[in-house]
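Engineer: Show me how the following folds:
(one chain, ligands or ions: 3)
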Amino acid sequence: MDEVLTTREMAEADRLAMAGGASGPALMDRAGAAVADAVCRRRPAGARAMVVCGPGNNGGDGFVAARVLAARGYRVELFLLGSRDALKGDAAQAAARWSGAARPLTEAQPAAADVVVDALFGAGLARDLDGEALAAVERINASGTPVVAVDVPSGLDGDTGRVRGAAVRASETVTFFRLKPGHLLYPGRRLCGPVRVADIGIPESVLEAIRPQTRRNGPSVFGDAFRAPDEEGHKYGRGHALVVSGGVEATGAPRLAARCALRIGAGLVTVASPSDALAVHAAALTAVMVRRADTPADLAALLADRRRNAVALGPALGVGAETRERVATALRSGAHVVLDADALTSFEGEADALAGLVGERPERGVVVTPHTGEFARLCRGRADIGEAESKLAAARAAAAALGVVVVLKGPDTVVAAPDGRAAINANGTPWLGTAGSGDSLTGMTAGLLAQSVPAYEAACAAVWLHAEAGARIGPGLIAEDLSEALPAVLREYFAGQGA
Ligand SMILES: NC(=O)C1=CN([C@@H]2O[C@H](COP(=O)(O)OP(=O)(O)OC[C@H]3O[C@@H](n4cnc5c(N)ncnc54)[C@H](O)[C@@H]3O)[C@@H](O)[C@H]2O)[C@@H](O)CC1
Ligand SMILES: Nc1ncnc2c1ncn2[C@@H]1O[C@H](COP(=O)(O)OP(=O)(O)O)[C@@H](O)[C@H]1O
Ligand SMILES: [K+]
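Structural biologist: Ligands and ions are numbered 1, 2, ... in the order given. Below you'll find the model as predicted:
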């Protein structure tokens, strides 16, 4: 169920279902009935339900919902954008089975209703809202009346999560078969309210032909790649992660990362520290080891030991030529690499230079974990990425351009691989927006890479487990809590695998 379909893929699912014998009107009947069910859960029979319908099949779903609700004893009023005669295909059929009036949309007064069904536009939204449609959406939003949106809130672009002119603020959304990117990407996610995915009779088998490249992030994405340790295993089988530290005033971030790398299961973790910070780290660390590394050459020497198979650089490392050199050293070693924060900002406007370094050893996993600001700095000058239509498209474009797995962080973190796979994360909490939270994610990613989880799955698992840990703590969360929440999160995760 975690596949996410673009509006084009959804149309293809519809087409394949019909080619396989499903009938269009039957699909629409089930869609409209699922919307009616949502209304019934929200308001009792006898309530005043206002259905606003657009000129396409989204409106068709509205006509079905109106018929079902009227039959169940609701007082239904239906308003239509455009004329009834202009409806086509399945929508025309659905309208023909609605025996009530279809009044002009301009007359719709949502404040007088107990619930609104928003069936103006769905997947077929083709331009910014204007005129009557815009005015109706503004009236709906001003009314305070609860809204059940059909497929997507009207005005929301289902592929990008962006608002086209204006969009309905829904209380809940009923979509069909699978989620669309706009349900998960902000601001869309917020405008949708809780989203219910209704089964309308499209067979799962259509997915084999469509091969969707986007998923909602979760264990279905990475579960096969991240398993519990083997019962005959030992620490050397679980890898050795190295976290590179900056100077004495910047030791907290690498320690947070190192602790998370260890908690998520790396067999060994070492902080590579400059001389001036060695004593601080040594005093603060117990299970995590410390080794001296003053120069990029020292780092190269540590990484020459191939047992150190994953390295994380960036948190509090400092921006500049030294950091660039350390990044180059890491990327030329045999280790898997996570680059975050200052390691990325040190390549500001020079994504191509970073891509060149990555390209020297394409066999090894590289994950970059920028927040939006770091991402914009790194990709400055790359119009193909900066002008992408959505966060999802931007992360994908950057992953392809850099040849790395991109974790574009935020409330709707997107993980994208160079081969086009992408996952959108949705299990976090705003409490994760706290100092050191990103450093913890970097460490978790390194810890998974050390365990030989492939880069894309490692990034997806780290993002999901990090968010899960954060969501469990919630109010009062500080970054130190994340590593401590991991045992419970991991116990449940592995239990879900039957381990
Ligand atoms: N594809 C499927 O599998 C299914 C689709 N269904 C419904 O069909 C919908 C898609 O139907 P359509 O492709 O007909 O598209 P829509 O009904 O979303 O919208 C298309 C219509 O709106 C007009 N339009 C687009 N943008 C406009 C704007 N800004 N201002 C004014 N008019 C605008 C278009 O000219 C066209 O007439 C889905 O959202 C869903 O609700 C359901 O019936 C279930 C099955
Ligand atoms: N509103 C939010 N909802 C969910 N997750 C969030 C939210 N804000 C931030 N996060 C997550 O918190 C982490 C913050 O990382 P980052 O900005 O690098 O912080 P820092 O640099 O302080 O460590 C990221 O994983 C991000 O996805
Ligand atoms: K809609």
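
Engineer: List, one by one, the residues from the chain near ligand 1.
Structural biologist: 10-11, 13-14, 27-28, 31, 54-61, 121-127, 129, 133, 150-151, 176, 200 (Cβ under 6 Å from any ligand atom). Placement of C-beta: from N, CA and C, glycine included.

Engineer: Select from the residues you listed every entry located in helices.
Structural biologist: 10-11, 13-14, 27-28, 31, 57-61, 133 (DSSP state H).

Engineer: For the residues you listed, which single residue is the most surrounded?
Structural biologist: Greatest neighbour count in those, by other Cβ atoms under 10 Å, goes to residue 61: 34 neighbours.

Engineer: Just confirm that one contacts residue 28, I think it does.
Structural biologist: Yes. Residue 61 lies in contact with residue 28 (Cβ atoms under 8 Å); the separation is 6.0 Å.

Engineer: Could you check how far the residue of the chain found nearest ligand 2 is from residue 342?
Structural biologist: Per Cβ to the nearest ligand atom, residue 438 is where the chain lies closest to ligand 2, at 2.1 Å. Residue 438 is 11 Å from residue 342, where distance means Cβ to Cβ, to the nearest Å.

Engineer: ditto for residue 242
Structural biologist: In terms of Cβ to Cβ, residue 242 sits 16 Å off from residue 342.

Engineer: one step back: looks like the residue of the chain closest to ligand 2 contacts residue 316 (just checking).
Structural biologist: No. Here residue 438 lies out of contact with residue 316, judged by Cβ under 8 Å, at a distance of 10.9 Å.

Engineer: Can you pull the residues that touch both of these two?
Structural biologist: residue 341 (Cβ atoms under 8 Å, 6 or more residues apart in numbering).

Engineer: Those two: which has the busier surroundings?
Structural biologist: residue 438 (26 against 22).

Engineer: Which of the three states applies to the more buried one?
Structural biologist: Following DSSP: H, G, I helix; E, B strand; the rest coil, residue 438 is assigned to helix.

Engineer: returning to what we had before: who has more neighbours out of residue 242 and residue 342?
Structural biologist: Just comparing residue 242 and residue 342: by other Cβ under 10 Å the higher neighbour count belongs to residue 242, 30 against 22.

Engineer: now that one: how far from ligand 3?
Structural biologist: 51 Å (Cβ to the ion, to the nearest Å).

Engineer: I'd guessed that residue sits against residue 337; true?
Structural biologist: No. Taking contacts as Cβ under 8 Å, residue 242 lies outside contact range of residue 337: 10.0 Å.

Engineer: okay, and the common contacts of the two?
Structural biologist: 310, 311, 312.

Engineer: now the helices for the stretch 151-300 of the chain?
Structural biologist: Under the criterion DSSP state H, counting those that start in this stretch, helices of the stretch 151-300 of the chain are mapped to 181-184, 188-192, 206-210, 219-222, 252-263, 275-284, 296-304.

Engineer: can you list the ones you listed in a markdown table and add mean pLDDT?
Structural biologist: What follows is those, written out as a markdown table (pLDDT from 0 to 100):
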| stretch | mean pLDDT |
| --- | --- |
| helix 181-184 | 98 |
| helix 188-192 | 98 |
| helix 206-210 | 97 |
| helix 219-222 | 98 |
| helix 252-263 | 98 |
| helix 275-284 | 96 |
| helix 296-304 | 98 |
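
Engineer: Redo these as a markdown table? Include distance to ligand 3 and mean neighbour count.
Structural biologist: Shown next, in a markdown table, are the helices of the stretch 151-300 of the chain (distance: least, Cβ to the ion, whole Å; neighbours: other Cβ atoms under 10 Å):
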| stretch | distance to ligand 3 | mean neighbour count |
| --- | --- | --- |
| helix 181-184 | 11 | 27 |
| helix 188-192 | 10 | 22 |
| helix 206-210 | 23 | 15 |
| helix 219-222 | 28 | 20 |
| helix 252-263 | 41 | 28 |
| helix 275-284 | 54 | 15 |
| helix 296-304 | 54 | 17 |
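
Engineer: need these in JSON lines with distance to residue 2, can you?
Structural biologist: What follows is the helices of the stretch 151-300 of the chain, written out as JSON lines (distance: least, Cβ to Cβ, whole Å):
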{"stretch": "helix 181-184", "distance to residue 2": "11"}
{"stretch": "helix 188-192", "distance to residue 2": "16"}
{"stretch": "helix 206-210", "distance to residue 2": "11"}
{"stretch": "helix 219-222", "distance to residue 2": "5"}
{"stretch": "helix 252-263", "distance to residue 2": "25"}
{"stretch": "helix 275-284", "distance to residue 2": "39"}
{"stretch": "helix 296-304", "distance to residue 2": "36"}
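
Engineer: Once you drop chain neighbours, what's closest to residue 24?
Structural biologist: In space, and not counting its chain neighbours, residue 24 is closest to residue 90: 4.4 Å by Cβ to Cβ, 6 or more residues apart in numbering.

Engineer: can you pull the contacts of that neighbour?
Structural biologist: Residue 90 neighbours (Cβ under 8 Å, 6+ apart): 24, 25, 27, 28, 57, 60.

Engineer: element containing residue 457?
Structural biologist: Assigned by DSSP states H and E, residue 457 belongs to helix 455-473.

Engineer: could you check the angle helix 455-473 makes with the very next helix or strand once past that helix?
Structural biologist: Going down the chain from helix 455-473, the next helix or strand is helix 479-496, by DSSP H and E. Inter-element angle recorded for helix 479-496 and helix 455-473: 110 degrees (by axes from the mean of the first three to the mean of the last three Cα atoms, to 10 degrees).

Engineer: Go through helix 479-496 and flag the buried ones.
Structural biologist: 479, 481, 482, 483, 485, 486, 489, 490, 493 (16 or more other Cβ atoms under 10 Å).

Engineer: again with stretch 360-377
Structural biologist: For stretch 360-377, by 16+ other Cβ under 10 Å, it's 364, 365, 366, 367, 368, 369, 370, 371, 374, 375, 377.

Engineer: Let me see the backbone angles for residue 382.
Structural biologist: phi -100, psi 90 (degrees, to the nearest 10).

Engineer: which non-adjacent residue is nearest it?
Structural biologist: residue 351 is the one closest to residue 382 (Cβ to Cβ, 6+ apart), at 5.6 Å.

Engineer: List the residues that contact the residue most central in space within the chain.
Structural biologist: With distances taken as Cα atoms, centre = their mean, residue 424 lies nearest the centre of the chain, 1.8 Å away. The contact partners of residue 424, by Cβ under 8 Å, 6+ apart, come to 4, 181, 184, 185, 214, 215, 216, 217, 392, 412, 413, 414.

Engineer: what do you get if the cut-off is 6 Å, keeping everything else the same?
Structural biologist: For residue 424, the contact set (Cβ atoms under 6 Å, 6 or more residues apart in numbering) comprises 184, 216, 412, 414.

Engineer: do you know how far the third one is from residue 266?
Structural biologist: If I follow you right, that is residue 412. 28 Å.

Engineer: So for the two, which sits in the more crowded spot?
Structural biologist: Using other Cβ under 10 Å, the more surrounded residue of residue 412 and residue 266 is residue 266, with 28 against 22.

Engineer: and that one, what pLDDT?
Structural biologist: Reported pLDDT at residue 266 in the predicted model: 97.

Engineer: now do residue 499
Structural biologist: 63.

Engineer: all strands for the stretch 151-300 of the chain, in order.
Structural biologist: 172-176, 195-198, 214-216, 240-244, 268-273, 289-292 (DSSP state E, counting those that start in this stretch).

Engineer: wait, which of those strands is closest to residue 405?
Structural biologist: strand 214-216 (14.3 Å; Cβ to Cβ).
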